[in-house]
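Undergrad: A predicted structure for the sequence below; I have some questions about it.
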Amino acid sequence: MDTVQKRRRRSGRVRRKNPTLLEAIGQEGHGAFGVTEDIGRGGCSVIAPTLLQPGAALRLYLSVRSEVLEAEGRIVHHRLMPDGRYEMGIEILKMDPVQRSRFNLHFGGLSGDSPQENPDASLPPGDGTS
């Protein structure tokens, strides 16, 4: 990600590895399974083997510890990585109040200086994320 994109962010990010399902809204069966690279109140970066349409509206299902958080968002940028996977920058546009409260419980202390990883993110090889 370039410096301009980082400056556009309205909130900080921390490095967290959380299993994530991206589901394109209005395109049944079109989605991607990946892992977050970083996350913040306004969005996240997801690494996945499949690129969804840039600008596409999507549902994001984020596995955090023993629960799944849901949000709606859109892909604001992407890049092909050297290993053939895609990094997608996702802006969170909508999250119901209960989900937002749960999100804040897990990520509320986002200061940018806590590079902890979610212990639930250890995925076996061949699950589509490597």
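TA: Noted; the coordinates are in hand. Keep in mind that what you see is a predicted model, and the values were worked out from it rather than measured. Numbering: from 1, shown residues only.
Undergrad: contacts and neighbour counts: CA atoms only from here.
TA: Fine.
Undergrad: for this protein, which spans come out with low pLDDT?
TA: 1-13, 108-130 (pLDDT under 70).
Undergrad: which residues are contacting the longest strand anywhere in the chain?
TA: Taking DSSP state E as the criterion, the chain has its longest strand at strand 67-80. Outside strand 67-80, the residues that touch it by CA atoms under 8 Å, 6 or more residues apart in numbering are 52-63, 86-96, 99, 102-103.
Undergrad: so which helix or strand takes in L62?
TA: L62 is part of strand 57-64 when elements are defined by DSSP states H and E.
Undergrad: packing partners of that strand?
TA: Judged by 3 or more CA pairs under 8 Å, 6 or more residues apart in numbering; DSSP states H and E, strand 57-64 is in contact with strand 19-24, strand 67-80.
Undergrad: tell me the angle it makes with strand 19-24.
TA: Strand 57-64 runs at 170 degrees relative to strand 19-24, counting by axes from the mean of the first three to the mean of the last three CA atoms, to 10 degrees.
Undergrad: buried set for strand 57-64?
TA: A57, L58, R59, L60, Y61, L62, S63, V64 (16 or more other CA atoms under 10 Å).
Undergrad: same deal with stretch 91-98?
TA: E91, I92, M95.
Undergrad: one more: stretch 44-58?
TA: 44-53, 56-58.
Undergrad: now stretch 29-37
TA: Result for stretch 29-37 [16+ other CA under 10 Å]: buried residues G31, A32, F33, G34, V35, T36, E37.
Undergrad: now the fourth one: which helix or strand?
TA: For G34, the host element (DSSP H and E) is strand 31-40.
Undergrad: who does the helix or strand following that strand pair up with?
TA: Following strand 31-40 in sequence order, the next helix or strand is strand 43-48 (DSSP H and E). Strand 43-48 has the following sheet partners, assigned by DSSP bridges: strand 31-40 (antiparallel), strand 86-94 (antiparallel).
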